[in-house]
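S.K.: What follows is a predicted protein model with its sequence.
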Amino acid sequence: MHSDHPVIRLKPKTNAQRLRHGFPWVYDNELVTDRRTKAIAPGSLAILQDHGQNTLGLFAVNPNSKIFARKISDDLDCAVDQPWFAQKIAKALALREALYSQPYYRLIHAEADQLPGLIIDRFSDLLVIQPNAAWVDQRLPALVAALSDILKPSSIVVNGAGRARVLEGLDDARYMALGEMPSDAIEVAMNGAVYFADVAEGQKTGIFYDQRPNHKFVQDLAQGKSVLDVFSHVGGFGLAAMANGAANVTCVDGSQPALTLASRGALATRAETPFEAIKGDAFDVMGALAGQGKTYELVICDPPAFAPQKAAREAGLRAYERVARLASALVAEGGYLTLCSCSNAADIERFRAASIRGIGRAGRQAQLIYTGGAGPDHPHHMALAESSYLKTLVFRMQ
């Protein structure tokens, strides 16, 4: 046993079996948390034992988080250093290079790539790191060195901001770990469309790679159709539809900077296609469009997470139902409605039920023709349901 690591121990009634079967988290209420345990510095490594003092692995600890410990390795003596990061990155890179011909994808997807709390998106020779766990924050120099050695990037942006870091008790941190911040948004080609990602000030890493296969499915329906993309961000579904010859595209979002990038993307994707950007609250805009008697042959709603945790689940499901009801009124007969959720706490069954209730309350009937999740560069951790967060449903409306 590594003598430098403190030991943390499960309470007597905590189910250790799921940890033996691969569940990667230990919550604060599952541990014996005496003064010694609570005094462990956030980001430290500790050896986890069950109540019978049987070893369960090496875990990264953060006493300031409800997720007190995250599984790092079965090897209690492993050095979490540059070579260790390099091995994990090389393994993750091999998967992405098998999937994509161009270097634009999620490179590291946290627990599913055995790097808990770490997100890295790749934009060719620029990388954006989201360190959402204290242990990553403490070891960023080793991580950056490993990335630099393997991928030879010109720039590495650290975007340590958002709800995940707040839950970990971590401060916001945005800075350049390597190179210079790009002076303009980065051009990203996906599914024949051109997107612009603001890696400096944009949401998360500036673009959402996870919807790529769902963009493709919806895109295949779009030729010659009028399209409304609500909660569009930088134009995800709308620009994909435009690339396959949509008759016209309207994007709705609350962020003017995102809509500005969507407009740039529209010009770069297919300048001759009529494009409109509407800034406003999505619920208000959908209500106003319905009041004007507007309908579209393809309507997409991809909102932010309304139910990011269990406490918000019921309110979140009501919000998804409301989205479905308002959006249904805007779909022409025989048209298509796409509804999405990125909420951890709203599983596919609950989300589908809320969507169907909303469609029904709009007085519409529909056929469910497609159910999609995140792309393969966002793999699922087999024991962690939270890693299967994205749900996309496509309905053909009667």
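M.R.: All right, it came through fine. Numbering: from 1, shown residues only.
S.K.: What is the subsequent helix or strand relative to the host helix or strand of residue 334?
M.R.: Here residue 334, judged by DSSP states H and E, is contained in strand 331-341. Proceeding N to C from strand 331-341, the next assigned helix or strand is helix 348-361, under DSSP H and E.
S.K.: Check which residues of that next one are buried.
M.R.: 350, 351, 352, 354, 355, 356, 357, 358, 359 (16 or more other CB atoms under 10 Å). To be clear about C-beta, it is placed using only N, CA and C from the backbone, and glycine gets the same treatment.
S.K.: How about stretch 72-91?
M.R.: Quick answer for stretch 72-91 (16+ other CB under 10 Å): 72, 80, 82, 84, 85, 86, 88, 89.
S.K.: Stretch 21-33 too?
M.R.: 23, 24, 25, 26, 28, 30, 31, 33.
S.K.: So which residues of the stretch 201-350 of the chain form helices?
M.R.: Assignment of helices within the stretch 201-350 of the chain using DSSP state H, counting those that start in this stretch yields the ranges 212-221, 236-243, 256-270, 282-291, 313-328, 348-361.
S.K.: and of those helices, who's closest to residue 8?
M.R.: helix 313-328 (29.5 Å; CB to CB).
S.K.: so what does the closest one touch, helix or strand wise?
M.R.: helix 282-291, strand 296-301, strand 331-341, helix 348-361 (3 or more CB pairs under 8 Å, 6 or more residues apart in numbering; DSSP states H and E).
S.K.: can you put the ones you listed in CSV and add mean pLDDT?
M.R.: CSV is the format used below for the helices and strands packed on helix 313-328 (pLDDT from 0 to 100):
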stretch, mean pLDDT
helix 282-291, 98
strand 296-301, 98
strand 331-341, 98
helix 348-361, 97
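S.K.: and residue 387, which of those is closest to it?
M.R.: Using CB to CB, these put helix 348-361 closest to residue 387, at 13.4 Å.
S.K.: quick check: domain ranges of the protein?
M.R.: Using automatic domain parsing, the domain parsing of the chain gives 7-73, 82-178, 186-397.
S.K.: what's the neighbour count on residue 267?
M.R.: Neighbours of residue 267 under the rule other CB atoms under 10 Å: 12.
S.K.: Quick check: the closest residue to it other than its chain neighbours vs residue 250, distance?
M.R.: In space, and not counting its chain neighbours, residue 267 is closest to residue 275: 7.9 Å by CB to CB, 6 or more residues apart in numbering. For residue 275, the distance to residue 250 (CB to CB, to the nearest Å) stands at 8 Å.
S.K.: Please apply the same query to residue 264.
M.R.: 16 Å.
S.K.: Between the two, point out the one with more neighbours.
M.R.: More crowded of residue 264 and residue 250, by other CB under 10 Å: residue 250, with 21 against 18.
S.K.: pLDDT wise, what is the more buried one at?
M.R.: Residue 250 is assigned a predicted lDDT (pLDDT) of 98.
S.K.: correct me, but it touches residue 227?
M.R.: Yes: if you go by CB atoms under 8 Å, residue 250 and residue 227 touch, sitting 7.0 Å apart.
S.K.: who touches both of these two?
M.R.: Here residue 250 and residue 227 have 238, 296 as joint contacts, going by CB atoms under 8 Å, 6 or more residues apart in numbering.
S.K.: what's the longest helix in the protein?
M.R.: The single longest helix within the chain, with elements called by DSSP state H, is helix 82-99.
S.K.: just so I have it, where are all the strands in the stretch 1-150 of the chain?
M.R.: Secondary structure of the stretch 1-150 of the chain (DSSP state E, counting those that start in this stretch): strands at 7-9, 25-27, 45-49, 55-61, 67-73, 104-109, 118-123, 126-131.
S.K.: Direction included, what does the second one pair against?
M.R.: Going back to what we said before, that points to strand 25-27. Using DSSP bridges, the strands paired with strand 25-27 are strand 67-73 (antiparallel).
S.K.: and what of the first one?
M.R.: Paired with strand 7-9 in the same sheet, following DSSP bridges, are strand 45-49 (parallel).
S.K.: thinking again about what came up before, flag every buried residue along the strand holding residue 334.
M.R.: Neighbour count says strand 331-341 has 331, 335, 336, 337, 338, 339, 340, 341 buried, by 16+ other CB under 10 Å.
S.K.: and which of these is nearest to residue 49?
M.R.: residue 341 (37.8 Å).
S.K.: In contact with the closest one, which residues are there?
M.R.: 303, 305, 306, 307, 320, 351, 390, 391.
S.K.: go with 6 Å
M.R.: Counting by CB atoms under 6 Å, 6 or more residues apart in numbering, residue 341 makes contact with 351, 391.
S.K.: Would you mind naming the residues that bridge with it?
M.R.: Under the criterion used (DSSP bridges), residue 341 bridges to residue 391.
S.K.: Give me the pLDDT value at residue 137.
M.R.: Per-residue confidence (pLDDT) for residue 137: 94.
S.K.: Quick check: the closest residue to it other than its chain neighbours vs residue 110, distance?
M.R.: Of all residues not flanking residue 137 in the chain, residue 131 sits nearest, at 5.1 Å (CB to CB, 6+ apart). Residue 131 sits 11 Å away from residue 110, going by CB to CB.
S.K.: Noted, bye for now.
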